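1. need a structure here:
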Amino acid sequence: MDSVTAILGSFSVKTEYYIWLFIFINLLWFALFCFSKYAASKRYQQLQHSLNHELERRRKVYELKVCQYEDYCHELETFQLKHQNDYQSVFLPLYTEFSKRYQAADAAEDTAAASLATLWFCGEIQQVSSKNNNELTALDKKTAELTLSAADDVVEILTDIQLLCQKLLVVTTEQMNKLVAVALSKDHQAVKFMGDELQQTSSDLHAKTRQLMQEIRRDLLIF
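-> Numbering: from 1, shown residues only. The predicted structure is shown next:
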């Protein structure tokens, strides 16, 4: 009887031990579950914060790129509108006025008036050249700013446009400088040739600008 009691007592002790062990293991699993859940929640919050930060950064970069494109396109459009018809608006009026003044002085055999007409014309050319250089410098600055963030295809076209703008103003200046000799020789065909060269350069610039607009739209869509 005593042995049975001893066995039952021993079994009771072991049962109590396993119950406490079971409770301890479950508490441990529960603690690990809570810690894992907390860690996962923390990682999720960090990931969400990182993603939100990255999205905000990309949004700001995108808005900056859009503003840069808009500023450049506005500057380029202003430049083209002003110079798309230099032959008619600048070239011919100066040529006509100089010819009128010089021919009047020549007819009157007034060398002083002829010299004044030539000086007036050279001064007008200098003013036009100075304004053109200032405009080109402003456009070059916008181009340099945009090149830092633009796509490679856009940068390539920007370089071409920059060269065409420079060529347009160089051709304009060179042709205007030749006008004195042209006017003295009364070679009206040479004046027409000058106008054709200006028109061709302007046309090339317009074509390259349309290509730029297409690349800008593509760049913004894939950003």
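
2. Now do the phi/psi pair for A151.
-> phi -70, psi 160 (degrees, to the nearest 10).

3. Check T173 too.
-> As for T173, its main-chain torsions (degrees, to the nearest 10) stand at phi -60, psi -50.

4. so what's it up against?
-> I125, V128, S129, N132 (C-beta atoms under 8 Å, 6 or more residues apart in numbering). In this view, the C-beta of every residue, glycine as well, is placed from N, C-alpha and C.

5. Of the residues you listed, which is the most crowded?
-> Within these, neighbour counts (other C-beta atoms under 10 Å) peak at N132, which reaches 22 neighbours.

6. if we can go back for a sec, now intersect the contacts of T173 with the helices, please.
-> Counting by DSSP state H, the part of the contacts of T173 found in helices is I125, V128, S129, N132.

7. Could I get the pLDDT score of the first one?
-> It refers to I125. I125 is assigned 81 on the pLDDT scale.

8. Packing partners of the lengthiest helix in the chain?
-> Longest helix in the chain, counting residues (DSSP H): helix 2-83. Packing contacts for helix 2-83, counted by 3 or more C-beta pairs under 8 Å, 6 or more residues apart in numbering; DSSP states H and E, involve helix 111-147, helix 152-185, helix 188-221.

9. Take those and lay them out in a markdown table including distance to K82.
-> Compiled in a markdown table, the helices and strands packed on helix 2-83 are given as follows (distance: least, C-beta to C-beta, whole Å):
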| stretch | distance to K82 |
| --- | --- |
| helix 111-147 | 7 |
| helix 152-185 | 11 |
| helix 188-221 | 11 |
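
10. So which of these is the most surrounded?
-> Neighbour counts (mean count of other C-beta atoms under 10 Å) averaged over each of these peak at helix 152-185, with a mean of 17.

11. what's the spacing between the residue nearest the centre of the chain and Y69?
-> The chain has L146 as the residue nearest its centroid, 3.4 Å off, counting by C-alpha atoms, centre = their mean. Going from L146 to Y69 by C-beta to C-beta, to the nearest Å gives 7 Å.

12. I'm done for today, thanks for sticking with me.
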